[in-house]
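> Sequence first, predicted coordinates after that:
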Amino acid sequence: MSEQTELTDAEMLRYARQILLEGWDIEAQTRLKNSCSIIIGMGGLGCPLAETLCRAGIGKLLIIDDDTIDESNLQRQSLFTPNDIGQSKALVAKAKLHEINAFCDVIAIQARLTADNYQQMVEQAKINSLSKLICDCTDNFKTRDLINTIAVKSNLSLLSASAIAQTGQLALFAPQQGCYHCLFQGVGDDERNCATSGVLASTTQIIGNLQAQAALSFLGLGINPIAQTLLLWNGKTMNLKKLHYRKDANCEICSQPSAIADVI
């Protein structure tokens, strides 16, 4: 798409409180309208992230999840209710998001993202979108590493978040500034997730909306507010720390593009 689609009168009315903000004007709102976010995982993080982006006025959401809703999800996965148990997370989320804001085009994919199917999904996000962002809302290192490799190979920025117990972390990896693998290579998957370690309902809401805040800045303003920074949240102490990282010159993912095909 060579030109941005302008805001309609109805959209101007809906997003008036944002457009009034200092530092967020009609240009930012229009840019957001012409943006797309790929959200992988519609769980405790994906639900608040998708809802906030939808309410804020993002033009397109591509939500990817192959799971179904069960009762244990209702404690923290805020788009779902008891009537949704047994149904597809992606399809239910799409319906709820459309009800929240019909101006937002939501595409639901009932599938697990893999090295074999990612290209067609990424291409859907690029159609009619000036700004694109991959948002990782999954819960294990193996999947996060795959998503990171896909983001690097597709030359897309990756907004990665995780939440467990009363802690969470967030980073926005931009091309040429390092990647998830630079920061977490060698950590491995210790199999700690919400199912095995538990999570407080507020933790996923806080981290999911911190993720939304970073996404809005990136998509609407073209700013990475946490460039080369890892945010660490501790709910017990109400403490937010920032750790800075550097691109690993020897990273097998982002520093040696020729090796990506072998890794993926």
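Looks like it arrived, so ask away. Numbering: from 1, shown residues only.

> Tell me which residue lies nearest the centroid of the chain.
residue 135 (2.3 Å; C-alpha atoms, centre = their mean).

> Which helix or strand contains that residue?
Assigned by DSSP states H and E, residue 135 belongs to strand 131-136.

> hang on, the earlier thing: contacting residues around the residue nearest to the centre of the chain?
37-40, 46, 49, 158-161, 211, 215 (C-beta atoms under 8 Å, 6 or more residues apart in numbering). Every residue, glycine included, has its C-beta placed from N, CA and C.

> same check, this time on residue 230
Each residue near residue 230 by C-beta under 8 Å, 6+ apart is listed here: 169-171, 183, 242-245.

> again, only using 7 Å
Applying C-beta atoms under 7 Å, 6 or more residues apart in numbering to residue 230 gives the contacts 169, 171, 183, 243, 245.

> Just the buried ones from those residues, in PyMOL syntax?
Command for PyMOL, covering only those of these found buried under the criterion 16 or more other C-beta atoms under 10 Å:
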select buried, resi 169+171+183
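
> Can you verify residue 169 is assigned to a strand?
Yes: counting by DSSP: H, G, I helix; E, B strand; the rest coil, residue 169 is located in a strand.

> right, and it touches residue 231 too?
Yes: judged on C-beta atoms under 7 Å, residue 169 makes contact with residue 231 at a distance of 6.2 Å.

> Next, the buried residues of stretch 143-163.
By 16+ other C-beta under 10 Å, the buried positions in stretch 143-163 come out as 143-154, 156-163.

> One more: stretch 99-111?
For stretch 99-111, by 16+ other C-beta under 10 Å, it's 101, 103-104, 106-109.

> Max pairwise distance over the residues you listed: which two?
103 and 109 (20.7 Å; C-beta to C-beta).

> Report the distance from the helix or strand encompassing residue 55 to the chain centre.
In the assignment (DSSP H and E), residue 55 maps to helix 46-56. Counting by C-alpha atoms, centre = their mean, to the nearest Å, helix 46-56 is centred 9 Å from the centre of its parent chain.

> and if you look at stretch 176-188?
17 Å.

> so where's the chain uncertain?
Scanning the chain for pLDDT under 70 picks out 1-3, 187-196, 256-264.

> Please enumerate the strands of it.
Counting by DSSP state E, one finds strands in the chain at the ranges 35-40, 60-64, 105-109, 131-136, 158-164, 167-173, 229-234, 239-244.

> and residue 95, which of those strands is closest to it?
Using C-beta to C-beta, the nearest of the strands of the chain to residue 95 is strand 105-109, at 8.6 Å.
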